[in-house]
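Novice: structure for the following, please:
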Amino acid sequence: MKLGEIAEIINGRIEGDRDIDITGPGKIESAEAHQITFLANPRYEKYFSDTKAGCVIVSEDFNPKNPSVKISVIRVKDPYSSFLRLIEIFEVNDDEMESGISDKSDIHSDTVIGENVYAGSNVCIQKGCNIGNSTKIYPNTFIGRNSVIGKNCKIHPNVTIYKNTEIGDNVIIHSGTVIGSDGFGFAKQGDSSYKKIPQTGKVVIENDVEIGSNTSIDRATIGETRICRGVKLDNQIQIAHNVVIGEDTVIAAQVGIAGSTKIGKRCMIGGQSGLVGHIELCDDVIIGAAVGVSKSIMEPGIYTGYRVRPYREDLKTEARIKNLDKLEERLKKLETSGK
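Specialist: Below is the predicted model of the structure:
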C-alpha cells in the first residue's frame, strides 16, 4: 500500500512522502525501506536515527532527539495499537485458506458439522459431537464423544479434547494442549495405597479464549472446570479439576493452579506462580512471577514474594534483608563497646 493509504487506515497524520510503497511491517532496528515500523517504548528510540524503514509510526507528541533525521513518520494517538492493526491487514495467512474435510480424517457419522469447516489429515471426531461454522481443526487432533465446539474456532495440530467438553465461539487452542483429562484425585487407603477417584465432570471453555501450547485443563471431579470469556492462557499451564477462571484474566507460562481454586475477573498471574487448592482470588488481582499463593486474596492489588504478600510489604521485607549485614556490624560494635 501507499503510505497515504496506511495513514487513512490508522487515522494518522503523515510527515514525509505519501507515495512510498509499503509491503509489510518490520522491527525498527532491522526494517527495510519497503517496510513500516513503530516507536512506542522509549528504550527503542535509539534506533530511530539509524532505521532504514520507509516510515515510523510515532505518537502525536514525539520529538526526535536528532531533528536532522529525514524519515517519513505517521503521528497517531497510540502507535502500538495502530501497528497491530497494520499487522493484521498485511498478514497473509495461508492457513486461513484451508477448507473442506480431509479424506484421511475419521469423523463419526453421528457428528454434526457446520458450514465451511476444515478438518485436516488424521483428525478424529467421535460420536455425538457438534462442530460450529467456519471452525478449523488441524491435523492429528482428537475430539472425544459428545463434545461441542462453537463457531470460528481454530484448533491447531495435535490437540486432544476429551469427551463432553464444551467450547464456545472464537476460541484458539494451540498445539499439544490437552483438555478434559482426569483431575488428580486419589484417596489414600488403609494400606497406604491410593484409590483413583472417578472424574465424572467436564470442561467448559467460553467465547474468545486463547490457550497456549502444551497446556493441560483437567475435567471436574463432579460438575465443571470453567474458563470464562476472554481468558488468555500462555504455554505449559496446569489447571486442575473444578477450577474457575474469571473473564479477561491472563495467565503466563508454567503456572500451576490446584483443584477447586476460583480466580476472579481481570486478574493477571505471572509465570511460574503456583496456587494451592480451594482458595479464591477476587477480581483485579495481580500476582507477580514465581509467587506461591497459599491463601485467598480478597482485596484487589499487586502481590509478590516467595510467599504471597502485598507488593509494598514485600519490598519492605526485601529492604530489611539487604540491611542485615549493616545491622550485624552495628550489633557487633555495640557488643564490643559494652565490654
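Novice: how about the contacts made by Arg13?
Specialist: Ala7, Glu60, Ile74, Arg75, Val76 (CB atoms under 8 Å, 6 or more residues apart in numbering). Every residue, glycine included, has its C-beta placed from N, CA and C.
Novice: farthest-apart pair in these, please.
Specialist: Farthest apart among the contacts of Arg13 by CB to CB are Ala7 and Glu60. That separation is 13.1 Å.
Novice: more crowded one of those two?
Specialist: Under the neighbour definition other CB atoms under 10 Å, Ala7 and Glu60 were set side by side, and Ala7 has more, 21 against 11.
Novice: buried set for stretch 63-71?
Specialist: Ile71 (16 or more other CB atoms under 10 Å).
Novice: mean confidence for it?
Specialist: Mean pLDDT, stretch 63-71: 84.
Novice: mind exporting the strand or helix carrying Glu335 as PDB, just the C-alpha atoms?
Specialist: Assigned by DSSP states H and E, Glu335 belongs to helix 324-337. Provided in PDB are the C-alpha atoms of helix 324-337 (Å, rounded to 0.1, in the frame of the first residue of the first chain):
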ATOM      1  CA  LEU A 324      21.000  -7.300  57.700                       C
ATOM      2  CA  ASP A 325      24.800  -7.100  57.200                       C
ATOM      3  CA  LYS A 326      24.900  -3.500  58.300                       C
ATOM      4  CA  LEU A 327      22.700  -4.300  61.300                       C
ATOM      5  CA  GLU A 328      25.000  -7.200  62.200                       C
ATOM      6  CA  GLU A 329      28.100  -4.800  62.100                       C
ATOM      7  CA  ARG A 330      26.300  -2.300  64.400                       C
ATOM      8  CA  LEU A 331      25.400  -5.100  66.800                       C
ATOM      9  CA  LYS A 332      29.000  -6.300  67.000                       C
ATOM     10  CA  LYS A 333      30.200  -2.700  67.700                       C
ATOM     11  CA  LEU A 334      27.700  -2.300  70.400                       C
ATOM     12  CA  GLU A 335      28.600  -5.600  72.000                       C
ATOM     13  CA  THR A 336      32.300  -4.700  71.800                       C
ATOM     14  CA  SER A 337      31.800  -1.200  73.200                       C
END
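Novice: figure out how far stretch 22-39 is from the centre of its chain.
Specialist: Relative to the centre of its chain, stretch 22-39 is centred 26 Å away, using CA atoms, centre = their mean, to the nearest Å.
Novice: same deal with stretch 194-203?
Specialist: That offset, for stretch 194-203, works out to 28 Å (CA atoms, centre = their mean).
Novice: make 40 the starting number, not 1.
Specialist: With the count now opening at 40, the last piece we talked about shows up as stretch 233-242.
Novice: that one: end-to-end distance?
Specialist: Stretch 233-242 has an end-to-end distance of 25 Å (CA to CA, to the nearest Å).
Novice: low-confidence regions, the stretch 240-378 of the chain specifically.
Specialist: For the stretch 240-378 of the chain, applying pLDDT under 70 flags the ranges 377-378.
Novice: so where do the helices sit in it?
Specialist: Ranges of helices in the stretch 240-378 of the chain, per DSSP state H, counting those that start in this stretch, are 350-361, 363-376.
Novice: cool, the stretch 90-239 of the chain as well?
Specialist: Taking DSSP H, counting those that start in this stretch as the criterion, the stretch 90-239 of the chain carries its helices at 118-129.
Novice: low-confidence ranges in it?
Specialist: Using pLDDT under 70, the stretch 90-239 of the chain drops low at 131-136.
Novice: hmm, 80 instead?
Specialist: 106-107, 130-137 (pLDDT under 80).
Novice: for Lys66, which non-adjacent residue is closest in space?
Specialist: Closest residue to Lys66 apart from its sequence neighbours, by CB to CB, 6 or more residues apart in numbering: Thr76 at 6.4 Å.
Novice: isn't that neighbour up against Thr90?
Specialist: Yes. Look at Thr76 against Thr90 with CB atoms under 8 Å: they come within range, at 6.5 Å.
Novice: outline the domain layout of this structure.
Specialist: 42-131, 140-353 (automatic domain parsing).
Novice: of these, which stretch is the most buried?
Specialist: domain 140-353 (a mean of 18; mean count of other CB atoms under 10 Å).
Novice: starting at the chain centroid, how far to that domain?
Specialist: Distance, centroid of domain 140-353 to centroid of chain: 12 Å (CA atoms, centre = their mean).
Novice: any idea how far apart the tips of that domain sit?
Specialist: 55 Å.
Novice: cool, and stretch 128-137?
Specialist: So stretch 128-137: terminal residues 19 Å apart, CA to CA.
Novice: can you name the residues bridging to the residue nearest to Lys66?
Specialist: Val95 (DSSP bridges).
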